[in-house]
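>>> Give me a 3D structure for the following:
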Amino acid sequence: MRTFDGFWPALITPYTENDEINVKVLRELVDYHLSKGVSGFYLCGSTGEGAFQTVAERKLVVETALARINGRVPVIVHVGAAVLNDAVELARHAQARGAAGISSILPPVIYNLQGVVPFFERIAAAAPELPFLPYLFGFSRDAVALMRDLAHIPNLAGTKYTGPNMYEMNQVIRFRSEGWTVFSGMDEQAALGLMYGAAGVIGSTLNFMPGVYREIYASVRGGDPARALEFQRRGNRITELMISNGFVGSFREGMRLLGFDCGQPRLPNLPLPEAKRAALHAGFEEFGFAELAAL
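Coordinates of the predicted model:
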């Protein structure tokens, strides 16, 4: 099974003033990230707001991005949805359009944990030629136990692990020795995730400062953890500032400052309150947002 590594943006989905997918800006974002040397793209995840889009919109994002990328780097498509048949349709579409892998969140409403395995079985089987990486986020169950329950799925190829428990993540990493990719999905701990054995990192803040994570990745792989932690510290100051002012709204404002008008987020995500704009800009200036984005 194909494996992956490196630093990948969980790509933001831009919208127009009419709340439609902004194809023009989406192409510009792909070009921007390719110029920064990203290792791949993760589409329609939580950052990309795939859960708040129609099936047709998600297909448009995938088709637009894949056409622009044109095979230069691999693309993993998040296909998870509240409606299983939608997820199956999106998985088939991703395979047909040339994605390198698929991913899915856990079922958004779980009344019986025994339903998780057949949920993932159906999604993985819809794209049998592609590596399948469950997206472990916001789930209290033992991740290693879940991987054990999913181990029989032929194209299970790892996971995107978004959580702070590095010990648990390392157990998932050690679950298989071949054909296995575990991405660290928590931006604030990207360096630690790599030090604990993650093959790569996927995150939101890679949208506007991919160079920070390029340096983190290169530093860990090059045997310089102190340098990796220094870049992590600098990046985290921006991330913490955004969280304190409302992450999603601040994130889209940061993209606007870079020249990418990505529109407003979709509910239940909220835009940046006007009253917080000045404080956010001041913080960006203080913590070197422009310098980090330019890397």
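
>>> The chain: strands as residue ranges?
Taking DSSP state E as the criterion, the chain carries its strands at 6-9, 41-43, 75-78, 101-105, 132-137, 158-162, 181-184, 200-203.

>>> ok, and the closest non-adjacent residue to Asn155?
Phe132 (4.8 Å; C-beta to C-beta, 6 or more residues apart in numbering). Glycine gets a C-beta too; all of them are placed from N, C-alpha and C.

>>> Please report how far Val182 lies from Pro268.
Computed as C-beta to C-beta, to the nearest Å, the Val182 to Pro268 distance reads 29 Å.

>>> who's in contact with the residue nearest to Asn155?
101-104, 120, 123-124, 153, 155-157 (C-beta atoms under 8 Å, 6 or more residues apart in numbering).

>>> What is the nearest of these to Phe41?
Using C-beta to C-beta, Gly101 is the member of these that sits closest to Phe41, with 10.9 Å.

>>> and the residue nearest to Ile76 when sequence neighbours are not counted, what is it in contact with?
Spatial nearest neighbour of Ile76, excluding adjacent residues (C-beta to C-beta, 6+ apart): Gly101 at 4.2 Å. For Gly101, the contact set (C-beta under 8 Å, 6+ apart) comprises 2, 4, 74-77, 130-133, 157.

>>> close enough to count as contact, Val38 and Leu206?
Yes - using C-beta atoms under 8 Å, Val38 is in contact with Leu206, at 7.3 Å.

>>> Compare these two and say which is more crowded by neighbours.
A count of neighbours by other C-beta atoms under 10 Å puts Leu206 above the other of Val38 and Leu206, at 28 against 22.

>>> For stretch 211-219, what is the distance to the chain centroid?
16 Å (C-alpha atoms, centre = their mean, to the nearest Å).

>>> pLDDT weak spots in the protein?
Within the chain, the segments meeting pLDDT under 70 span 138-140.

>>> would you list every one of the helices in it?
Here the chain has its helices, by DSSP state H, at 23-35, 55-69, 84-97, 116-126, 143-150, 166-173, 190-195, 210-221, 225-245, 247-257, 274-287, 289-294.

>>> thinking again about what came up before, can you put the contacts of Phe132 in CSV and add distance to Leu292?
CSV is the format used below for the contacts of Phe132 (distance: C-beta to C-beta, whole Å):
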residue, distance to Leu292
Gly101, 29
Ile102, 31
Ser103, 27
Ser104, 31
Phe120, 37
Ile123, 36
Ala124, 37
Ile153, 39
Asn155, 37
Leu156, 36
Ala157, 32
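
>>> What is the nearest of the residues you listed to Gln189?
Ser103 (19.4 Å).

>>> closest to Met255 out of the strands of the chain?
Nearest to Met255, of these and by C-beta to C-beta, is strand 6-9 at 11.2 Å.

>>> helices and strands around the closest one, which ones?
Packed against strand 6-9 by the contact rule (3 or more C-beta pairs under 8 Å, 6 or more residues apart in numbering; DSSP states H and E) you find strand 41-43, strand 200-203, helix 210-221.

>>> Paired strands for that strand, with orientation please.
Its sheet considered, strand 6-9 pairs with strand 200-203 (parallel) by DSSP bridges.

>>> chain center to the strand it pairs with: distance?
Distance, centroid of strand 200-203 to centroid of chain: 7 Å (C-alpha atoms, centre = their mean).

>>> Restricting to C-alpha, output stretch 42-49 in CSV.
Output of stretch 42-49 as CSV, limited to C-alpha atoms (Å, rounded to 0.1, in the frame of the first residue of the first chain):
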residue,chain,number,x,y,z
TYR,A,42,-5.6,17.2,2.2
LEU,A,43,-9.0,18.3,0.8
CYS,A,44,-12.4,18.9,2.3
GLY,A,45,-11.5,18.1,5.9
SER,A,46,-12.5,20.1,8.9
THR,A,47,-10.4,23.1,7.8
GLY,A,48,-11.9,22.7,4.3
GLU,A,49,-15.4,22.6,5.8
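
>>> How about residues contacting it?
8-13, 50, 53, 58, 61-62, 65, 75-79, 103, 105, 135, 137, 160, 202-204, 207, 251, 265-266, 269.
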